[in-house]
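Novice: What follows is a predicted protein model with its sequence.
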Amino acid sequence: MEKKILSQFDKVIRGGSTLLIRQGYRDYILGQEMAFATKIPYQFYPGVSLLKGRNVIPCVPIEGSRDRMVIKHYEHGGLFRKITRDAFFGNPRPFRELEILDQAHQRGVPVPEVIFARTERIFGPFYRGEISYKEIPDSTNLLEYLNRISEMPVEEKIAQKKKIIGPLAEAIKKMHCSGIYHGDLNIRNILLQNGIEGIRIYLIDFDYSKIKDKLALRERIKNLARLNRSCEKWKAPISSTDKLRFFLSYFRGDRLVESNLRKYVRQCSRFHWGHRIYWKLFG
Ligand SMILES: Nc1ncnc2c1ncn2[C@@H]1O[C@H](COP(=O)(O)OP(=O)(O)OP(=O)(O)O)[C@@H](O)[C@H]1O
Ligand SMILES: [Mg+2]
């Protein structure tokens, strides 16, 4: 595994930092390393735009290229966020995510290209870290896209939705057939790029994801159920017909899935009381 990564990424250790950098970007990234460390006021850097995730995510122009890169600093979410902030311990998450994105890319799953991953030792086994991948230009996440088209006249809205359902189902199915379980498949982790060749889907945010030879049916269901829950959580403007169209598209031609159609739909639309109460309490 390590060998595969090192064949395309250089490993650099200096001071308390360890970096895996895509070949070709080594000098540039090392020259900028301090700027990529925590708590730099990115908004004062020229050409930087800020994306909104759980935290603010800077998107930085890459010198000598027309590409830009997103730099994502790992932070805890949930109840312990205020206490633990950005300190982690154990198997470094940035390198795990880099490996999954790299493998996904090699298996033909539409994901952004990783530029580097970095960890910085705080003390003992504790570290903080970042991952950086190329920006998908002119893209929006699926939630933003759905909200935007919901303001269109009905017929146009339906036509727009129909256009994205096929490519969306195909991208997720490709990921699953490649043995990748997404750790947080939700409508803000799916990007749509509207280009000359039509709509392209990208999947992002592979923290906590897993790679296997083959995904079990149960794991696929779990992933799709999470996607369904996120639509409910963020009140995405989609109908049951849209969901049905998505499932039919995803199931098409897959005998294992087709024979379990009922099971899929039942589990994916199940009422999640536990999650609902959590969202009410903690947002
Ligand atoms: N490579 C990229 N290209 C373009 N936009 C991106 C890219 N990566 C992230 N974004 C935008 O930033 C948003 C947040 O990114 P991401 O999901 O990685 O962060 P997050 O902190 O996990 O957020 P969340 O908790 O909402 O999942 C995405 O929904 C998307 O709109
Ligand atoms: Mg995300």
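Specialist: It's in. Ligands and ions are numbered 1, 2, ... in the order given.

Novice: use CA for all of it now, contacts and neighbours both
Specialist: Noted.

Novice: Quickly list the domain ranges of the protein.
Specialist: Structural domains annotated on the chain: 2-134, 139-282, as defined by automatic domain parsing.

Novice: Dump these into JSON lines; add mean pLDDT as well.
Specialist: Formatted as JSON lines, the domains of the chain follow (pLDDT from 0 to 100):
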{"stretch": "domain 2-134", "mean pLDDT": "86"}
{"stretch": "domain 139-282", "mean pLDDT": "87"}
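
Novice: could I get the ones you listed as JSON lines with distance to ligand 1?
Specialist: Conversion of the domains of the chain to JSON lines gives the following (distance: least, CA to the nearest ligand atom, whole Å):
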{"stretch": "domain 2-134", "distance to ligand 1": "3"}
{"stretch": "domain 139-282", "distance to ligand 1": "4"}
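
Novice: Tabulate these (a markdown table), appending mean neighbour count.
Specialist: Output for the domains of the chain, formatted as a markdown table (neighbours: other CA atoms under 10 Å):
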| stretch | mean neighbour count |
| --- | --- |
| domain 2-134 | 16 |
| domain 139-282 | 16 |
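
Novice: Show me what the biggest helix by length in the chain packs onto, helices and strands only.
Specialist: As assigned by DSSP state H, the longest helix anywhere in the chain is helix 154-177. Under the contact criterion of 3 or more CA pairs under 8 Å, 6 or more residues apart in numbering; DSSP states H and E, helix 154-177 touches strand 198-203, helix 240-251.

Novice: Can you name the element that comes right after that helix?
Specialist: strand 180-181 (DSSP states H and E).

Novice: Distance from that next one to the middle of the chain?
Specialist: 12 Å (CA atoms, centre = their mean, to the nearest Å).

Novice: Stretch 133-147 now?
Specialist: 11 Å.

Novice: Could I have the CA atoms of it written out in CSV?
Specialist: Provided in CSV are the C-alpha atoms of stretch 133-147 (Å, rounded to 0.1, in the frame of the first residue of the first chain):
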residue,chain,number,x,y,z
TYR,A,133,-6.9,18.7,-3.6
LYS,A,134,-7.6,20.5,-6.8
GLU,A,135,-10.7,22.7,-6.9
ILE,A,136,-13.4,21.4,-9.3
PRO,A,137,-14.0,24.7,-11.2
ASP,A,138,-17.5,26.1,-11.8
SER,A,139,-19.0,23.5,-9.5
THR,A,140,-21.7,23.6,-6.8
ASN,A,141,-22.7,21.0,-4.3
LEU,A,142,-25.9,19.1,-4.8
LEU,A,143,-27.8,20.9,-2.1
GLU,A,144,-27.0,24.3,-3.5
TYR,A,145,-27.9,23.1,-7.0
LEU,A,146,-31.2,21.7,-5.9
ASN,A,147,-32.1,24.9,-4.0
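
Novice: what sits up against that stretch?
Specialist: Stretch 133-147 is contacted by residues 59, 67-71, 112-116, 187-194, 234, 236-238 when judged by CA atoms under 8 Å, 6 or more residues apart in numbering.

Novice: Which members of these occur in helices, if any?
Specialist: Among these, no member falls in helices (DSSP H).

Novice: How about residues contacting the helix or strand containing residue 19?
Specialist: Using DSSP H and E, residue 19 falls within strand 17-22. By CA under 8 Å, 6+ apart, the residues outside strand 17-22 that reach it are 8-13, 29, 95, 114-121.

Novice: partners of it, with directions?
Specialist: Partners of strand 17-22 in the sheet, by DSSP bridges, are strand 9-14 (antiparallel), strand 114-123 (antiparallel).

Novice: got these as CSV, with distance to residue 177 columns?
Specialist: Formatted as CSV, these follow (distance: least, CA to CA, whole Å):
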stretch, distance to residue 177
strand 9-14, 26
strand 114-123, 22
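
Novice: Looking at those, which is nearest to residue 151?
Specialist: Residue 151 lies closest, by CA to CA, to one member of the strands paired with strand 17-22: strand 114-123, at 34.8 Å.

Novice: Work out the gap between that closest one and the centre of the chain.
Specialist: That offset, for strand 114-123, works out to 18 Å (CA atoms, centre = their mean).

Novice: ok so, going back, I'd like the distance from the strand holding residue 19 to the chain centre, please.
Specialist: The answer for strand 17-22 is 20 Å, by CA atoms, centre = their mean.

Novice: Next, the angle from whichever helix or strand comes after that strand to strand 17-22.
Specialist: On the C-terminal side of strand 17-22, the nearest following helix or strand under DSSP H and E is helix 26-36. Per axes from the mean of the first three to the mean of the last three CA atoms, to 10 degrees, the angle that helix 26-36 makes with strand 17-22 is 130 degrees.
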